[in-house]
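> curious how this folds, go ahead:
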Amino acid sequence: MRFAALLLVQLLLPPYYTLADDVGFDYDPTDVTAWEHDYGHYPYRTFESTDLTPPAVAHKVDSPACHDGLLTFLTPRGTAVNESRGMVILDDQGELVWMQKTEGQPYNLDVQTYQGTPHLTYWFGDDTVGGHGEGDYYMLNSSYDLVAKISALGDLHADLHSLSITPDDTAIISIYQPYEKEKGGRLQYIWDCLFQEIDIATNSLIFQWRASDYHDTSESYHNPRYEQEGATNVTHWDWYHLNSVEKDDLGNYLVSARYTHSISYIDGQTGDLIWTLGGKRNMFTSADNAFNFSSQHFAQFHSIDEFPSLITSLGASQAGITTRLVSLFDNANDDTWDSGLASRGLLLAVSYPTHPRPDGKINKNDYSARIVREYVHPNELIADSQGSLQIVPSTDVNQDPSILIGWGARSVWSSYSSSGKLICDDHFGTEAAILNGSVQSYHVMKYPWIGLPSEPISAVYNSDRDSLFVSWNGATETVSYALQHTDHSGNDYADWVYISITQKDGFETEVVIGECVTRFVRVVALDMADNVLGLSEAVELPFTSVSVFF
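Numbering: from 1, shown residues only. Okay, here's the model as predicted:
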């Protein structure tokens, strides 16, 4: 009923209704009425000191608990985003920290550790290929300089779904490949799914796994959509759709496959399936249908120790049985069918034999799963594609982490307590965008991040306000800007005289020039201890009278 009403509203919109619009200088993120009616599907910000146009954010549900100093990472996409697409980092108020515009569509902006140091990683390429894309992964340092390009080996292409950097400084990337597979005396033409683990420094292959070697295409719930799909070498069938891979501390891999509705645990030496949860090959019993997820994304292992409140409730450990937590985003729908169920985040407890039987036989009683927590949006959002669930650690080791859900095709991210209480609900598209999917982000994540850009500070003079508008794209440690002046544009630091200090105010700060009458001004970025972090270029003031300089 709610979505039917939204559809009616959308149909009644006047023909001049814009898809995206600037929220203006005095934007109020708590003004929900203006958000829904004044700025189109994709409200965005603009600035005087740069041409960046990041998403504005509406705080539909807010709490001090969400203003934790962590930064939010996303890659807005969709028909309403258009020229504003790129990689975006926002602070805990929704203000821009860093944005890099791109001509194509990037995906999956993350913070990952390489050689002991946090780096940004993301995918970029042609995302129009088969619903999975062909491209490469890139790694940037804290100055936003390129450190590495990570590509698939063997004349293959990295797809947009998954990059995981391990503690051994290897990269695990997902890959889709047009592939021929014989079945029943006939050839099937499929998009087969692989992952490769690659040593980043030497660009050498460590391990490769192919889905069709261990799964049968009959396990798919995603049937060919038309008669020729899968029948010719130009109409490959996407039957498996791998969308996440991670390696655990035992050297094994956890793989999520959207179209088989399954999560598989894979032996890191042989590639054999240790177990499969969900789908047609499900090995687990469950009293609460913990394996009843579908079209899921972003499966990850977690230790029970990460959730102090669960240590006693999950019961005593059994000899020979391992119990671990698995988190995932359960889409419960996809782009070809609608279950009528809301999408949700899931935290599951899975128990299985620590050492499989030597004869390979399976005792189903040794494999069990149950739902520990589920996280549903109060509006029962349906994300028919994309999505993420992140466990965000608490700064207090005695407290449970919080849960961050990015709703994929719906332009929302939500924070929950571990027990399931909604804490914050942030939107970067309007209700109309949520309805029609015109604003999306494949996933949304939160991390600590320190950025020290190599690019200079941007300072632009506004003659109407006699001010400099100042921004430093990507800087996280700046707390104030000092204004300096001189009568010539030399670089000798001693020639520049301090005039005033202005506290940083969001991404862009207005620095009033005031009584300064010399010819050149610049700004200096200062940290909390008044250390100099960076400088702008000198700005020549456009005074009409030259008498002030002599």
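
> what sits against Gly437?
The contact partners of Gly437, taken as CB atoms under 8 Å, 6 or more residues apart in numbering, are 78, 384, 409-410. In this view, the C-beta of every residue, glycine as well, is placed from N, C-alpha and C.

> next, count neighbours for Tyr481.
Around Tyr481 there are 26 other residues, counting by other CB atoms under 10 Å.

> okay if I get the contacts of Gly437 as a markdown table plus neighbour count?
Shown next, in a markdown table, are the contacts of Gly437 (neighbours: other CB atoms under 10 Å):
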| residue | neighbour count |
| --- | --- |
| Gly78 | 23 |
| Asp384 | 20 |
| Ala409 | 25 |
| Arg410 | 26 |
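
> can you tell me which of these is nearest Asn462?
Closest approach between those and Asn462, by CB to CB: Gly78, at 32.7 Å.

> look up how far Thr478 lies from the closest one.
For Gly78, the distance to Thr478 equals 31 Å [CB to CB, to the nearest Å].

> what's the answer for Phe298, then?
To Thr478, Phe298 is 33 Å away according to CB to CB.

> compare neighbour counts for those two and give me the winner.
Phe298 (25 against 22).

> looking at this, that one is in a strand?
Yes - assigned with DSSP: H, G, I helix; E, B strand; the rest coil, Phe298 falls within a strand.

> so what pLDDT did it get?
Taken from the predicted model, the pLDDT recorded for Phe298 is 98.

> tell me the secondary structure at the residue lying closest to His377 once chain neighbours are set aside.
Taking CB to CB, 6 or more residues apart in numbering, and ignoring the residues beside it in sequence, His377 has Ser414 as its nearest neighbour in space, at 6.1 Å. Under three-state DSSP, Ser414 falls in the strand class.

> name whatever forms a beta bridge with Arg186.
Here Arg186 sits in beta bridges with Lys183, going by DSSP bridges.

> domain-wise, how is this structure divided?
Partitioning the chain according to automatic domain parsing yields domains covering residues 54-66+114-429, 458-549.

> burial count for Leu389?
For Leu389, the neighbour count with other CB under 10 Å is 24.

> that one belongs to a strand?
Yes - with three-state DSSP as the criterion, Leu389 is located in a strand.

> if we can go back for a sec, can you tell me which two in the contacts of Gly437 are farthest apart?
Spatial extent of the contacts of Gly437 (CB to CB) is set by the pair Gly78 and Asp384 at 13.4 Å.

> hmm, who's touching stretch 358-378?
Here stretch 358-378 has contacts from 275, 277, 283-291, 310, 314, 321, 325, 342-353, 357, 389, 403, 405, 407, 412, 414, 416, 418-420, 422, 425, using CB under 8 Å, 6+ apart.

> for His215, phi and psi?
phi -120, psi 150 (degrees, to the nearest 10).

> next one: the one 4 residues further on
With angles defined as degrees, to the nearest 10, Glu219 shows backbone torsions of phi -80, psi -10.

> one more: Glu103?
Dihedral angles (degrees, to the nearest 10) for Glu103: phi -70, psi -30.

> run a quick neighbour tally on the residue nearest to His377.
25.

> any idea how far Leu109 is from it?
19 Å.

> and stretch 464-472, what's its mean pLDDT?
95.

> just say helix, strand or coil for Leu163.
Leu163 carries the three-state label strand when classified by three-state DSSP.

> who are the contact partners of it?
Residues counted as contacts of Leu163 (CB under 8 Å, 6+ apart) are 108, 110, 112, 121, 123, 137, 150, 171-174.

> same thing but 10 Å
Taking CB atoms under 10 Å, 6 or more residues apart in numbering as the criterion, Leu163 is in contact with 107-108, 110, 112, 121-123, 136-139, 150, 171-174, 245.

> can you check Tyr498 too?
Listed by CB under 10 Å, 6+ apart, the contact set of Tyr498 reads 482-485, 524.

> how about a cut-off of 8 Å?
482-484.

> which one (most neighbours) among those residues?
Each of the contacts of Tyr498 was scored by neighbour count (other CB under 10 Å); the top score is that of Leu483, with 25 neighbours.

> quick one: list the elements packing against the host helix or strand of it.
Counting by DSSP states H and E, the element that carries Leu483 is strand 480-486. Based on contacts counted as 3 or more CB pairs under 8 Å, 6 or more residues apart in numbering; DSSP states H and E, the elements that strand 480-486 packs against are strand 497-503, strand 509-512, strand 520-526.

> quick revisit: can you pull up the bridge partners for the residue nearest to His377?
Partner residues in beta bridges with Ser414, using DSSP bridges, are Ile405, Asp425.

> check contacts around it.
Counting by CB under 8 Å, 6+ apart, Ser414 touches 61, 375, 377, 404-405, 407, 422, 424-426.

> biggest separation within these, which pair?
The most widely separated members of these are Tyr375 and Asp426, with 15.0 Å between them, by CB to CB.

> for the two, indicate the residue with more neighbours.
Ranked by neighbour count (other CB under 10 Å), Tyr375 and Asp426 place Tyr375 first, with 25 against 21.

> got CSV for the contacts of Ser414, with pLDDT too?
Shown next, in CSV, are the contacts of Ser414 (pLDDT from 0 to 100):
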residue, pLDDT
Val61, 95
Tyr375, 98
His377, 98
Leu404, 98
Ile405, 98
Trp407, 98
Leu422, 98
Cys424, 97
Asp425, 97
Asp426, 97
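
> and which of these is nearest Ala432?
Compare each of those with Ala432 using CB to CB and the shortest gap goes to Trp407, at 15.4 Å.

> ok, the closest one touching Leu381?
Yes - using CB atoms under 8 Å, Trp407 and Leu381 qualify as a contacting pair, with a distance of 5.3 Å.

> the more surrounded of those two?
Neighbour totals were compared for Trp407 and Leu381, and Trp407 leads with 28 against 19 (other CB under 10 Å).

> average model confidence for stretch 259-277?
Stretch 259-277 carries an average pLDDT of 98.

> quick check: end-to-end length of that stretch?
Across stretch 259-277, the straight-line distance between its terminal residues is 13 Å, by CA to CA, to the nearest Å.

> going forward can the numbers begin at 785, since that is how I track them
Got it, first residue is 785 now, which makes that one stretch 1043-1061.

> and it, which residues are buried?
Within stretch 1043-1061, the residues that qualify as buried are 1043-1052, 1057-1061, counting by 16 or more other CB atoms under 10 Å.

> re the thing from before, now for Trp1191 and Leu1165: what residues contact both?
The overlap between the contact sets of Trp1191 and Leu1165 (CB under 8 Å, 6+ apart) consists of Ser1127.

> list the buried residues of stretch 1238-1258.
Of the residues in stretch 1238-1258, those scored as buried under the neighbour-count criterion (16+ other CB under 10 Å) are 1241-1245, 1251-1258.

> could you do stretch 830-840 as well?
In terms of neighbour count (16+ other CB under 10 Å), stretch 830-840 has its buried residues at 830-834, 836-840.

> of all these, which comes closest to Asn1007?
Pro839 (36.3 Å).
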